[in-house]
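Colleague: need the 3D shape of this:
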Amino acid sequence: MNLGSKRVLVTGGTGGIGLALADALTALGATVVTCGRSAAGPLAVRADLAVPGEAARVVAEAVERLGGLDVVVANAGVQYPTPLTLGPDPEVLGRARQEIGVNLASVVELAAAAWPHLAAAAPGGPPRAAFVAVTSALAYAPKQSAPVYCATKAAVHILLESLRHQARSTSPGVRVQEVVLPLVDTAMTAGREGPTRKIGPAEAAGAIVRGLVRGRPVVAVGATRALLALLRLAPPVGRRVLRDG
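Modeller: The predicted model follows:
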């Protein structure tokens, strides 16, 4: 896919990976609308994707500003430690509901709201539009400290597989892609360590752009390539690697 002149929506695009991705796409000639809870600027939409209806509103505003949509990247995400085995703590459960809202429910809503515009941008023929969502190696094997985050990313992985099947029959011009990221050095991961080194937001954004250009259904970034291979070849070992990450 040639990204020059594409009309792109990136959620969670006002910081971290999303901001770096918006900058990288803009440098290639794309026009990018972003959204976030602290959004500012003519091409940024202030929104809280944990709230039902916000993702659809963001799509509508992006379409109005861009005149359509060619690419949507569902990048927004939150992660909290969730000690569910210690009993029903209202604060913990509130954070869990936010994780489900931002990481999963908003992606479902985003897909439904964006699809008619993506299909209109690529009516048949080779794929010229794309719906992309960011997951994690934790979608394939969870860690103990963040069960809800891991569950939402696993759900998005399956959601994308199903959307890919739907797109083949209803909108073949729309490609569905999953970006599987390793630990990235952002505000969300401050103070956290994993089994591999953190990569920077710019490095993650560059990998996402290359994945968009190449069109692979699953774009495994950095150490996730080895981790996913390990999970295929020796699942118990791979799960132990990620369990305490």
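Colleague: from now on I want contacts and neighbour counts done on CA atoms only, so please keep to that.
Modeller: Noted.
Colleague: which residues sit against the longest helix along the chain?
Modeller: For the chain, the longest helix by residue count, based on DSSP state H, is helix 147-170. Outside helix 147-170, the residues that touch it by C-alpha atoms under 8 Å, 6 or more residues apart in numbering are 78-80, 82, 96, 99-100, 103-104, 107, 133, 135-136, 138-143, 173-178.
Colleague: in helices, which of the residues you listed fall?
Modeller: Reading helices off the contacts of helix 147-170 with DSSP H, I get 96, 99-100, 107.
Colleague: sketch out the low-pLDDT regions of the protein for me.
Modeller: Along the chain, segments meeting pLDDT under 70 span 186-197, 245.
Colleague: 50 instead?
Modeller: The model of the chain has no residue with pLDDT under 50.
Colleague: now the strands: where do they sit in it?
Modeller: 7-11, 31-36, 44-46, 71-74, 129-136, 174-181, 218-220 (DSSP state E).
Colleague: and the closest residue to residue 3 other than its chain neighbours, how many neighbours?
Modeller: Using C-alpha to C-alpha, 6 or more residues apart in numbering and skipping residues adjacent in sequence, the residue nearest residue 3 is residue 30, 6.0 Å away. Counted with other C-alpha atoms under 10 Å, residues neighbouring residue 30 total 20.
Colleague: which among the contacts of helix 147-170 end up buried?
Modeller: 78-80, 82, 96, 99-100, 103-104, 107, 133, 135-136, 138-143, 173-178 (16 or more other C-alpha atoms under 10 Å).
Colleague: thinking again about what came up before, the residue nearest to residue 3 contacts residue 5, correct?
Modeller: Yes - assessed by C-alpha atoms under 8 Å, residue 30 is found in contact with residue 5 at 4.6 Å.
Colleague: so what's the backbone phi/psi at the residue nearest to residue 3?
Modeller: phi -80, psi 160 (degrees, to the nearest 10).
Colleague: do you know how far it is from residue 58?
Modeller: 18 Å (C-alpha to C-alpha, to the nearest Å).
Colleague: what does residue 158 give?
Modeller: As judged by C-alpha to C-alpha, residue 158 and residue 58 stand 24 Å apart.
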